[in-house]
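Novice: below is the sequence, then the predicted model.
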Amino acid sequence: MKIIKNSDSTAFDNHHGVDVRKLYDTKHAMASHMTISPGQSLKRHTTPVDVFFYVLEGEGVVEVGDERETVGADTIIDSPADIPHCWFNESTAPLRILIVKVPRPTKPSKFE
């Protein structure tokens, strides 16, 4: 059994400038933990694979395609491959999200 703690993972540089830590990375899937601080947002982009986001803590605004929704903890958001998506933290508290990409992407995301 392999156990991975978010606190033991190292944040990696990304186009968004937010705290992202890779937790799981195999050829079949990839999972990361992302923290978006108050006032931060992600750049609108597409991924070449399906993604789902699970909100662990906080509240944020998510856009997938032409839909925009405010979501909170214990919510899953499905983001199909090649559909633009982004996140905004317009609250005063951190927004923590588990990101799962299936299968693991072999091409980079595309930014608008």
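Specialist: That came in fine, so what should we check first? For clarity, every value in this text was computed on a predicted model and none was experimentally measured.
Novice: now stretch 52-65: buried residues?
Specialist: For stretch 52-65, a neighbour-count test (16 or more other C-beta atoms under 10 Å) marks Phe53, Val55, Leu56, Gly58, Glu59, Gly60, Val61, Val62, Glu63, Val64 as buried. Using the backbone N, CA and C atoms, a C-beta is placed for each residue, glycine as well.
Novice: next: stretch 92-106.
Specialist: Buried positions in stretch 92-106, judged by neighbour count with 16+ other C-beta under 10 Å: Pro94, Leu95, Arg96, Ile97, Leu98, Ile99, Val100, Lys101.
Novice: which SS state does the fourth one fall under?
Specialist: Classification of Ile97 into helix, strand or coil gives strand, according to DSSP: H, G, I helix; E, B strand; the rest coil.
Novice: can I assume it is in contact with Phe53?
Specialist: Yes: with contacts counted by C-beta atoms under 8 Å, Ile97 reaches Phe53, the gap being 5.1 Å.
Novice: before we move on, back to that, closest one of the buried residues of stretch 92-106 to Asn14?
Specialist: Lowest distance from Asn14 to the buried residues of stretch 92-106 (C-beta to C-beta) belongs to Ile99, with 11.1 Å.
Novice: the closest one against Val49, yeah?
Specialist: No: in this structure Ile99 lies outside contact range of Val49 using C-beta under 8 Å: 11.3 Å.
Novice: quick one, what contacts the nearest residue to Ala93 once chain neighbours are set aside?
Specialist: Counting by C-beta to C-beta, 6 or more residues apart in numbering, Ala93 lies nearest to Gly58, which is 5.2 Å off, once chain neighbours are set aside. If a contact means C-beta atoms under 8 Å, 6 or more residues apart in numbering, then Gly58 has Ile36, Gly72, Ala73, Asn89, Ser91, Ala93, Pro94, Leu95, Arg96 as its contacts.
Novice: the residue nearest in space to the middle of the chain pairs with what?
Specialist: In the chain, the C-alpha nearest the mean C-alpha coordinate belongs to Ile99, at 4.3 Å (C-alpha atoms, centre = their mean). Applying DSSP bridges to Ile99 gives these bridge partners: Ser32, Phe53.
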